[in-house]
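Participant: Pasting the sequence and the predicted model now:
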Amino acid sequence: MLNIKVAGVGSVVPRTGTENAEMEARLGLESGWIEKRTGVRFRPIAEDTVATSDLAVSAGQRALEAACVLPAEIGLLLLATSTPDHLLPPTAPLVAHRLALTNAGAIDMAGACSGFLYAFLMGASFAQTMQKPVLVIAANILSRRVDPMDRNTVTLFGDGAGAVALVPSGSDAPHVLGTHLAADGSQYDAMGIPAGGTREPLTAAGLHAGRHRMMLRDGKGLFKQAAGMMAEAGRRALMEANLGVEDIDWWIPHQANLRMIRETGRILAIPSERTVTVMDRYANSSAATIPIALAEAVADGRIGKGDTLLLTAAGAGMMSAGIVLRW
């Protein structure tokens, strides 16, 4: 249990994007194919002049304002992203500078789809140990990392950012009630960007072959493993919190695709009416999906003080995470 609380949330998604009809026509797909397979109707796409840091700054600013926390009070910034502005240097110091976090450390976290929950738990631990507020941001521009003609990836992914400001809760009751983290590298190459690292440096030939873009090797295998790992992470987090599914007011899963959400919900026995889903409008922005969904559910009044939330994620790597949170 961690005596920290989410003092503020914020999110930003590009207003520009791609409708299914346009994409289906370009890919030669029948009408309705994308929504039936993924649940996505629209994917936000950042304009060419926008970088990941721009989205991160906007989401972080909104979270700070909602929390009524001054930038100089933040002790640490954690940026969960798979699409940094540059491979070197990290993007977090730039985001911290632009947000005027003059007393904060800053670091990128490359945790793929589970990155936000990993960053959340590390930030929460820092906030409790050091008694300083922490800003956790997840931001991605995945539209620039997919092959525009690969229907397995381009139909799923969009751009966006979400953020939370975490503060020590003092003598209040614990707000983080249960957690679980897991990793299984046996399917490490099921999904990812092959070239650009030390295992496969990016060459002219690799660039021509599209090795710098996201590739999905085994969609069915990835689906089965990710759904199982996400459900197990949620189950174990609930066990640690000594709670059952019936105690959860809202489940916010990673918005991988609608079929995976439904399958994970079936395994966990969480009904759709207690599940927050936003991927029809925002698509899959990897680590950013959970804070984007959280920010929307707080803004529209679905989530209120005292509610118990279950947050779960699983994705490339393979990594998974679950958190039980008292709002």
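Facilitator: Done, it's in. Quantities reported herein were computed from a predicted structural model and do not represent experimental measurements. Numbers count the residues shown, from 1 in each chain.

Participant: Start from the N-terminal end of the stretch 101-250 of the chain and give the helices.
Facilitator: Assigned helices in the stretch 101-250 of the chain, in chain order: 115-130, 151-154, 204-208, 219-240 (criterion: DSSP state H, counting those that start in this stretch).

Participant: contacting residues for the residue most central in space within the chain?
Facilitator: Centroid-nearest residue in the chain, with C-alpha atoms, centre = their mean: Ala287, separated by 2.0 Å. Ala287 makes contacts with 80-82, 111-116, 119, 138-140, 313, as judged by C-beta atoms under 8 Å, 6 or more residues apart in numbering. In this view, the C-beta of every residue, glycine as well, is placed from N, C-alpha and C.

Participant: Make JSON lines from the residues you listed and add pLDDT, distance to Asp307 and neighbour count to it.
Facilitator: Output for the contacts of Ala287, formatted as JSON lines (pLDDT from 0 to 100; distance: C-beta to C-beta, whole Å; neighbours: other C-beta atoms under 10 Å):
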{"residue": "Ala80", "pLDDT": "98", "distance to Asp307": "24", "neighbour count": "34"}
{"residue": "Thr81", "pLDDT": "98", "distance to Asp307": "28", "neighbour count": "31"}
{"residue": "Ser82", "pLDDT": "95", "distance to Asp307": "30", "neighbour count": "27"}
{"residue": "Gly111", "pLDDT": "86", "distance to Asp307": "26", "neighbour count": "27"}
{"residue": "Ala112", "pLDDT": "90", "distance to Asp307": "28", "neighbour count": "23"}
{"residue": "Cys113", "pLDDT": "93", "distance to Asp307": "24", "neighbour count": "32"}
{"residue": "Ser114", "pLDDT": "95", "distance to Asp307": "23", "neighbour count": "32"}
{"residue": "Gly115", "pLDDT": "96", "distance to Asp307": "24", "neighbour count": "30"}
{"residue": "Phe116", "pLDDT": "98", "distance to Asp307": "19", "neighbour count": "33"}
{"residue": "Ala119", "pLDDT": "98", "distance to Asp307": "22", "neighbour count": "27"}
{"residue": "Ala138", "pLDDT": "98", "distance to Asp307": "21", "neighbour count": "34"}
{"residue": "Ala139", "pLDDT": "98", "distance to Asp307": "26", "neighbour count": "35"}
{"residue": "Asn140", "pLDDT": "98", "distance to Asp307": "27", "neighbour count": "30"}
{"residue": "Ala313", "pLDDT": "96", "distance to Asp307": "19", "neighbour count": "31"}
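
Participant: burial of the residue nearest to Phe120 when sequence neighbours are not counted, as a residue count?
Facilitator: What sits nearest to Phe120 in space, not counting adjacent residues and going by C-beta to C-beta, 6 or more residues apart in numbering, is Val136, at 5.4 Å. Using other C-beta atoms under 10 Å, Val136 is surrounded by 31 other residues.

Participant: Pick the most buried one from the helices of the stretch 101-250 of the chain.
Facilitator: Stretch with highest mean neighbour count among the helices of the stretch 101-250 of the chain: helix 115-130 (a mean of 22; mean count of other C-beta atoms under 10 Å).

Participant: how far does it sit from the chain's center?
Facilitator: Distance of helix 115-130 from the chain centroid (C-alpha atoms, centre = their mean, to the nearest Å) equals 15 Å.

Participant: go on, stretch 280-297?
Facilitator: Centroid displacement of stretch 280-297 relative to its chain, using C-alpha atoms, centre = their mean, is 7 Å.

Participant: Angles on the backbone of Val324, please.
Facilitator: phi -100, psi 120 (degrees, to the nearest 10).

Participant: show me what contacts the residue nearest to Phe120?
Facilitator: 77-78, 80, 116, 119-120, 123, 163-166, 291.

Participant: Same list (these) but as CSV, adding distance to Ala63.
Facilitator: Below are the contacts of Val136 laid out as CSV (distance: C-beta to C-beta, whole Å):
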residue, distance to Ala63
Leu77, 11
Leu78, 12
Ala80, 13
Phe116, 12
Ala119, 13
Phe120, 12
Gly123, 12
Ala163, 4
Val164, 6
Ala165, 5
Leu166, 10
Pro291, 8
